[in-house]
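Student: Need a 3D model of the following:
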Amino acid sequence: EVQLQASGGGLVQAGGSLRLSCAVSGITFDDYAMSWIRQAPGKEREVVSCTSKSDGTTYYADSVKGRFTISRDNPKNTGYLRMNSLKPEDTAVYYCAAGKSLPIDDYWGQGTLVTVSS
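Tutor: Residues are numbered from 1 along each chain as shown. Predicted coordinates for the structure are as follows:
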């Protein structure tokens with residue numbers, strides 16, 4: 001059974017930081033690209049960031065560029081999203097996903113809620 005377990009969300013004040021983790025099991029993590037997607041109430045789903053399998057290629061949405069950093073630890077089967085300088089508009093449920101090609105959505109985790117207070 002494939003599982004992606006996102007964690008690390010919570011309530012933080014504007015300007016604060018959080019690090020999300022995505023623990024992956026049931027697949028060979030090294031074979032998959034990874035992405036973080038968020039969905040805020042009443043808004044469309046947004047791909048926040050993606051990273052390739054192993055060559056370090058990354059993508060960031062303009063809304064988070066310079067503030068968020070995606071990374072992965074393949075031996076630990078875990079992906080991360082470091083979020084700095086958080087803003088109220090970053091409030092959303094954050095999902096991690098893994099895929100072998102674009103769009104990176106073969107497998108999804110259950111989501112972790114990030115709430116940024118002003």
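Student: Would you confirm that Asp105 contacts Ser35?
Tutor: Yes. At 7.4 Å, Asp105 counts as touching Ser35 under the criterion of Cβ atoms under 8 Å. (Each C-beta comes from the backbone N, C-alpha and C, glycine too.)
Student: Now the element after the helix or strand in which Ile37 is found, going C-ward?
Tutor: In the assignment (DSSP states H and E), Ile37 maps to strand 33-39. Where DSSP H and E defines the elements, the next helix or strand beyond strand 33-39 is strand 46-51.
Student: Distance from that following strand to the middle of the chain?
Tutor: 7 Å (Cα atoms, centre = their mean, to the nearest Å).
Student: Can you give me the buried ones in that strand?
Tutor: Using 16 or more other Cβ atoms under 10 Å as the test for burial, strand 46-51 gives Val47, Val48, Ser49, Cys50, Thr51.
Student: residue contacts, the second one?
Tutor: For Val48, the residues meeting the contact criterion (Cβ atoms under 8 Å, 6 or more residues apart in numbering) are Ser35, Trp36, Ile37, Arg38, Tyr60, Ala61, Ser63, Val64, Phe68, Leu81, Tyr94.
Student: same check, this time on Tyr107
Tutor: So Tyr107 contacts Val2, Leu4, Ile27, Tyr32, Ala97, Ala98, Gly99 (Cβ under 8 Å, 6+ apart).
Student: Helix, strand, or coil at the third one?
Tutor: State at Ile27, reduced to three classes by DSSP: H, G, I helix; E, B strand; the rest coil: coil.
Student: Need phi/psi at it.
Tutor: Main-chain torsions, Ile27, degrees, to the nearest 10: phi -140, psi 160.
Student: What score does it have for pLDDT?
Tutor: With respect to pLDDT, Ile27 scores 95.
Student: number of nearby residues for it?
Tutor: 16 (other Cβ atoms under 10 Å).
Student: Isn't it up against Ala33?
Tutor: No. Between Ile27 and Ala33 there is no contact under Cβ under 8 Å: 11.7 Å.
Student: just how off-centre is the strand holding Ile37 within its chain?
Tutor: 5 Å.
Student: And the contacts of that strand?
Tutor: Strand 33-39 is contacted from outside by 20, 22, 24, 45-53, 70, 72, 79, 81, 90, 92-101, 103-105, 114, using Cβ under 8 Å, 6+ apart.
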